[in-house]
Every structure is written in structure tokens, then in C-alpha cells.
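Participant: sequence-free structure coming up:
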Ligand SMILES: Cc1cc2nc3c(=O)[nH]c(=O)nc-3n(C[C@H](O)[C@H](O)[C@H](O)COP(=O)(O)OP(=O)(O)OC[C@H]3O[C@@H](n4cnc5c(N)ncnc54)[C@H](O)[C@@H]3O)c2cc1C
């Protein structure tokens, strides 16, 4: 039997066992726990860490079968933890850290958030100013983060902070996993254009972090952040949904309720073809991807997804006609997961953020130009200067 056939057989056997012993529509935490224990969480992770140590391409087979059986998807309840926190801890964490964090992250019992962006550091996240000072066997953190998705429900946050302002910006950063319930952590909701507050500002005032919650070595913050960021782009743009589902599926539903003229049909079909091409490209990328950190293909997928989504929802709104202007409520809600929103009007407004979150489309184009096309890089004049000597507003 070839390796691939043997791996497929193992996955099928574990799936049969999971579905025979646990109700996919029953208790969510219990089902996710069993999925993790059987190695069907992140199939490429080692045994004991939610995987089987086999090629990541098998995850598509697993997700497809579980979706057909009516099981929920863990990313829905912990989108940042599942797509970004877990692979970062997997690659850079110690055995003890993996054993402590991965299972409750997968089951959704402990939600994660990402504390990278600051008021003065978004696209240039390596310019961040939040300070972490060593104090014996702990660190003390002071500073402000912003746009922190799901901070209001998070137990853990992936925090990058500056441990040494005297070093050049990339070298002076260290990566921590911070307990969001620790003293001195204050979460202040920020309202978005949709009316919801899905993200917050997070303030740290003398917040202690045990050194055991540092990820990687002191000074490795930038290298580890890249793992998180590359996975973020795949998590946002590289998902492989069933054919004709997701935003384009929603636009087709709008068409069924309110069909437009021939020109509108033509536009819908073009968008459908583009969405299918992006989906097939993502399938190929997922199959080719080796274990570890994805490369620039994640940034390309993210760019395509962000721009295409905006055009799909624009067309759906055009099809709806005057009804597209009716917004049912502008109450400020703080969503606990990403399972809810189905209103095209809100999805249209929310899609504006797709080309900002996880790196803007301009930054994705820079990555594409430099790392895929080999074009000359941007001038980076502050790269070798001590961070403290770089002028900033
Ligand atoms: C819905 C949403 C959720 C988010 N969630 C999180 C989160 O959970 N955690 C987190 O840490 N962050 C989060 N962010 C923040 C996000 O990562 C940043 O907004 C993004 O990286 C852009 O940074 P900025 O807002 O500071 O804009 P800036 O970096 O100030 O950019 C402003 C404009 O300048 C352009 N620009 C900047 N530099 C260049 C360049 N070199 N070349 C060309 N153009 C350039 C940008 O494309 C943009 O148009 C979220 C953002 C949104 C919208």
C-alpha cells in the first residue's frame, strides 16, 4: 500500500470511529475534544497534539465528511486560535506549551486573539512600541494594541512586544502568549461600520507574563510573527469551501429571489467563474503545501479573496435594488463567534474590511511583487537603525 493510500485508510477509519461514537450535532465541546483526541483536528500535527503526523491535504477530506455529517467547524468558535494560534504554537512552542494550549483552543473552551497592531504600527507591525521588561522569572508589559478581534471573549492573546528599543526594530521584539484575564489588561470595544464591535482596543498596564508563557527565544518575535501572519493570510483567503458556497453562493441565492436582466446574469456568472478559479487554486495550494509555514501563496489568495468578495457583495446589493438600503438594526452587538451573519447588507459592509484585516491589499501586492515576481524591494531606510532612533509621530 502506498503512503498516501495508507494515510487515507487511517483517516477514514478514524472518521468512522468519531462519527460512530460521538454525535456530530450533540455537545460541541465534547465532539471537538473527541475529534482532537483522534488526531482529526489538524491532521498534519503530531499524534497527541490533535493530528496524525500526515500530509495536511487530508484535512480537506476530514472537513468535507464532517460537514456532510452536520458537525460544526472549530474555526467558527475560535477563528484566530484555530487558524493562527495553533500553527504558531505548533511550530515555535515547547512540548509543555503545546500540551497546555492546543486542546482547549481546538474545543473552543479557550478563545484566542491576536495582539499585533497598534495605533502607530499596522502595515509596519515591526515598528510596534508596546514594551515588555524582564523582571526575574516574569515580564511586565505596558502599551496599547488596537483592532483586536474577539478580545472581548478571549482567554489568551498572541502578543508581540518590544523587549529592547536599542536594537533595530525587527531584532528587538519578543513573542508572548498573554492571559487576557491577567491584572492590568483592559479591553475597550470599538464599533465598526456594521454597527458591531467585533474588535477592541487593548491596554496593558504593568501586566505580568510568566517567562514560561514566552514563545520562542527572546528577540525571535519577528520571526515567529511571520508564522502567525502567513497562517493568517491562509486562514482568511485560503479556505476551501464546497463549490458554489460562501459569498458567491449567497449572491446566487439573492439572484434566485430577485433575478436581474441578462447583463446582471452575465456579471454573476463571471463572478462565479472567478470564485471557482480561486477555490481551485486554493485546493492546489493546500495540496502542494508542505507542513510548516506557508509561503507567499497565502498572501496571493488573501488578495484575491478580499477584492473578489467586495465585488460579489456589491453585485448582490445591486440585484436587491432598493431593499439593499434597508438596514434592520444598528444596535451595537459584540459577536461571540463568526457563525451568525447572513444579512447581505451587513456582509456587504463587513467585506470592506477584507482588504484591510490580515494585511492590506497594497501590502499583499508588495509581497507578491517582491517574493513571487522578484521585483525590486521597497526602500526600507529604518531597517538597521536602533528602534529608539527612528523618528515617529
Ligand atoms: C476587521 C479588522 C480586524 C482586525 N483584526 C486584527 C486583530 O485581531 N489583531 C491585530 O493585531 N490587528 C487586526 N487588524 C488590524 C489590521 O491588521 C491593520 O488594520 C492592517 O494591517 C493595516 O494597518 P493600519 O490600519 O495601521 O493601516 P496603515 O498601515 O496605517 O495603512 C494605511 C494605508 O496605507 C497603505 N500602506 C501602508 N504601508 C504601505 C506600503 N509600504 N506600501 C503601500 N501602501 C501602504 C495601506 O495599504 C493603507 O491603505 C484588524 C483590522 C480590521 C479592519
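Facilitator: Sure thing, it's come through. Values in this document were obtained by computation on a predicted structure and should not be read as measured data.

Participant: Now do the contacts for the one residue in the chain that gets nearest to the ligand.
Facilitator: The chain approaches the ligand most closely through residue 122 (1.8 Å), counting by Cβ to the nearest ligand atom. Glycine gets a C-beta too; all of them are placed from N, C-alpha and C. If a contact means Cβ atoms under 8 Å, 6 or more residues apart in numbering, then residue 122 has residue 147 as its contacts.

Participant: got a pLDDT number for the nearest residue to residue 98 once chain neighbours are set aside?
Facilitator: In space, residue 98 comes closest to residue 49 once its chain neighbours are excluded; the distance is 5.2 Å by Cβ to Cβ, 6 or more residues apart in numbering. On pLDDT, residue 49 comes in at 97.

Participant: From here on, call the first residue 441.
Facilitator: Sure thing, new numbering starts at 441, so read that last one as residue 489.

Participant: residues touching residue 489, list them.
Facilitator: 482, 530, 538-539, 542.

Participant: what do you get for residue 552?
Facilitator: Residue 552 neighbours (Cβ under 8 Å, 6+ apart): 518, 520-521, 524-525, 545, 590, 594-598.

Participant: Could you rerun that using 6 Å?
Facilitator: Applying Cβ atoms under 6 Å, 6 or more residues apart in numbering, one finds that residue 552 lies in contact with 520-521, 525, 594, 596.

Participant: go on, residue 589?
Facilitator: Counted by Cβ under 6 Å, 6+ apart, residue 589 has contacts 638-639.

Participant: for the one 10 residues further on, same thing?
Facilitator: Shown here is residue 599, whose contacts under the criterion Cβ under 6 Å, 6+ apart are 555, 616, 618.

Participant: out of those residues, which is most surrounded?
Facilitator: residue 555 (29 neighbours; other Cβ atoms under 10 Å).

Participant: In three-state terms, label residue 452 for me.
Facilitator: helix (DSSP: H, G, I helix; E, B strand; the rest coil).

Participant: Helix or strand: which one has the closest residue to residue 479 other than its chain neighbours?
Facilitator: Nearest non-adjacent residue to residue 479, counting by Cβ to Cβ, 6+ apart: residue 492, 3.9 Å away. Using DSSP states H and E, residue 492 maps to neither a helix nor a strand.

Participant: what number of residues lie near residue 492?
Facilitator: 21.

Participant: Also the one 10 residues further on?
Facilitator: For residue 502, the number of neighbouring residues by other Cβ under 10 Å comes to 23.

Participant: Show the contacting residues for it.
Facilitator: Applying Cβ under 6 Å, 6+ apart, the residues near residue 502 are residue 480.

Participant: And the one 3 residues further on, by the same measure?
Facilitator: When the contact criterion is Cβ under 6 Å, 6+ apart, the partners of residue 505 are residue 455.

Participant: Same question for residue 790.
Facilitator: residue 634.

Participant: anything in the helix or strand where it lies near the ligand?
Facilitator: In this structure, residue 790 sits in helix 784-791 according to DSSP H and E. No. Helix 784-791 is not in contact with the ligand by Cβ under 6 Å from any ligand atom; minimum separation 7.8 Å.

Participant: Follow the chain on from that helix and name the next helix or strand.
Facilitator: Using DSSP H and E, the first helix or strand after helix 784-791 is helix 801-807.

Participant: which secondary structure elements does that next one contact?
Facilitator: With contacts taken as 3 or more Cβ pairs under 6 Å, 6 or more residues apart in numbering; DSSP states H and E, helix 801-807 sits against helix 737-760.

Participant: now the stretch 591-740 of the chain, which segments are flagged as low pLDDT?
Facilitator: By pLDDT under 70, the low-scoring segments of the stretch 591-740 of the chain are 730-733.

Participant: List only buried entries from the contacts of residue 489.
Facilitator: In those, burial by neighbour count holds for 482, 530, 538, 542, counting by 16 or more other Cβ atoms under 10 Å.

Participant: show me where this structure has strands.
Facilitator: Secondary structure of the chain (DSSP state E): strands at 552-555, 571-575, 578-589, 596-602, 613-619, 625-630, 639-650, 654-655.

Participant: now the ones you listed as CSV including distance to residue 670?
Facilitator: Listed next are the strands of the chain as CSV, based on distance: least, Cβ to Cβ, whole Å:
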stretch, distance to residue 670
strand 552-555, 13
strand 571-575, 23
strand 578-589, 18
strand 596-602, 14
strand 613-619, 14
strand 625-630, 26
strand 639-650, 21
strand 654-655, 15
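
Participant: mind putting those strands in JSON lines, distance to the ligand included?
Facilitator: Below are those laid out as JSON lines (distance: least, Cβ to the nearest ligand atom, whole Å):
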{"stretch": "strand 552-555", "distance to the ligand": "4"}
{"stretch": "strand 571-575", "distance to the ligand": "16"}
{"stretch": "strand 578-589", "distance to the ligand": "3"}
{"stretch": "strand 596-602", "distance to the ligand": "9"}
{"stretch": "strand 613-619", "distance to the ligand": "13"}
{"stretch": "strand 625-630", "distance to the ligand": "10"}
{"stretch": "strand 639-650", "distance to the ligand": "5"}
{"stretch": "strand 654-655", "distance to the ligand": "16"}
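
Participant: Deepest-packed of those, please.
Facilitator: strand 552-555 (a mean of 28; mean count of other Cβ atoms under 10 Å).

Participant: List the strands paired with that one, with their directions.
Facilitator: strand 596-602 (parallel) (DSSP bridges).

Participant: What angle do strand 613-619 and the partner strand make with each other?
Facilitator: Relative orientation of strand 596-602 versus strand 613-619 (axes from the mean of the first three to the mean of the last three Cα atoms, to 10 degrees): 150 degrees.
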